[in-house]
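Peer 1: Have a look at this fold, sequence not included:
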């Protein structure tokens, strides 16, 4: 499988799909910090620049590939933003994503389109914006349902079949509550393959805490890859242990990193100060997770605190690149924000993935790292979607 990544950021799709053997044929990014990361992490992959400027000739030069993935900017769709909708300067980039995919389908044989955004897309412009998204992907006119958009559904048009579903990163073994709308278009033989995003009720497991009624958790998801986690038998979820532990050679002593005890589930990492949060307002009051020093306390384990506040990149016009506004942990009488490494773990990324050399030849500052992480996909979610696409393609080929 080969894919083109739009709005690439720190390129979570590469982190998710490279282990599956997938090849990235191109990226599209203009943020200076993200461009530096892409240049160093994927040096042989061309950066096509702004999605607005990508030409058909550039797409055709990439050769055959299967998937286009991109989360067009969400600020104009977020309930915490100005709600300009798809007419907004940033969220209107969705239409360029569609233009690129249509060219990729024509010149390169691309079959799949993956689109991601905030749940605020459902209510933007009284639901009409999401109708435009689904209609453009499917190739048909889609009315807004009388009862509003549900958390999942399908649409069929001239282009093919579109599935959409709200997936939460915490279902996939990371300690972050990150609800995002994923829509997948299949322009191929969709009738002979299993669903990609939707699963029968018979496969759905117990709902995690604080979920809205009617949004069951797929049983296969609650046991998905969480390399740093362990199953909680009471909730059927994975509780990630983000604190690291090293055992000495004789097995008698454990050395723990100080103050990296993360709550069971943190709120969403945010970028640009906006997000459609769990309560639908984006303005919730943060709760502080409690951390402790395992060495000092003699504890041989990790603590589970309450749900932490939304982590924001604070990458907007009024913030300093190392400004505050991020998740904090309490240590004694002091409070500190989560480190970039802890944020990388909340997104399922390798430690220090965002720590690259900047344009001035110095280590990347924390601010740009927070921004890239807040804008990113959660890696395990994208890996699962990739596995579903791969299975569907095998069944229908």
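Peer 2: In hand now; what should we look at? Model, not experiment: these values are computed from the prediction. Numbers count the residues shown, from 1 in each chain.

Peer 1: what's the burial count for residue 145?
Peer 2: Using other CB atoms under 10 Å, residue 145 has 11 neighbouring residues. (Glycine included, C-beta is placed from N, CA and C.)

Peer 1: Over to the one 4 residues further on?
Peer 2: The number of residues packed around residue 149, counting by other CB under 10 Å, is 19.

Peer 1: Identify the residues contacting the closest residue to it other than its chain neighbours.
Peer 2: Leaving aside its sequence neighbours, residue 149 sits nearest to residue 122 (CB to CB, 6 or more residues apart in numbering; 4.1 Å). Contacts here follow CB atoms under 8 Å, 6 or more residues apart in numbering; on that basis residue 122 touches 130, 148-149, 181.

Peer 1: Residue 22 too?
Peer 2: Contact analysis of residue 22 by CB under 8 Å, 6+ apart lists 1-3, 386.

Peer 1: could you redo the last one with a cut-off of 6 Å?
Peer 2: residue 1 (CB atoms under 6 Å, 6 or more residues apart in numbering).

Peer 1: and the gap between it and residue 389?
Peer 2: 10 Å (CB to CB, to the nearest Å).

Peer 1: Can you name the next helix or strand after the helix or strand containing residue 103?
Peer 2: Assessed by DSSP states H and E, residue 103 sits inside helix 93-108. If you walk from helix 93-108 toward the C-terminus, the next helix or strand you reach (DSSP H and E) is strand 112-117.

Peer 1: Which strands or helices does whichever helix or strand comes after that following strand pack on?
Peer 2: Using DSSP H and E, the helix or strand that follows strand 112-117 in sequence is helix 128-138. Other helices and strands packing on helix 128-138, by 3 or more CB pairs under 6 Å, 6 or more residues apart in numbering; DSSP states H and E, are strand 161-168.

Peer 1: Each with direction, which strands does the very next helix or strand once past the strand it packs on pair with?
Peer 2: Where DSSP H and E defines the elements, the next helix or strand beyond strand 161-168 is strand 179-186. Note on strand 179-186: by DSSP bridges, its sheet partners are strand 112-117 (antiparallel), strand 161-168 (antiparallel).

Peer 1: Among those strands, which comes closest to residue 268?
Peer 2: Nearest to residue 268, of all the strands paired with strand 179-186, is strand 161-168, at 9.5 Å by CB to CB.

Peer 1: what inclination does that closest one have with respect to helix 128-138?
Peer 2: For strand 161-168 against helix 128-138, the angle by axes from the mean of the first three to the mean of the last three CA atoms, to 10 degrees is 130 degrees.

Peer 1: so where is the stretch 251-397 of the chain shaky, pLDDT-wise?
Peer 2: Where the stretch 251-397 of the chain drops to pLDDT under 70, the residues are 251-265, 267, 270-335.
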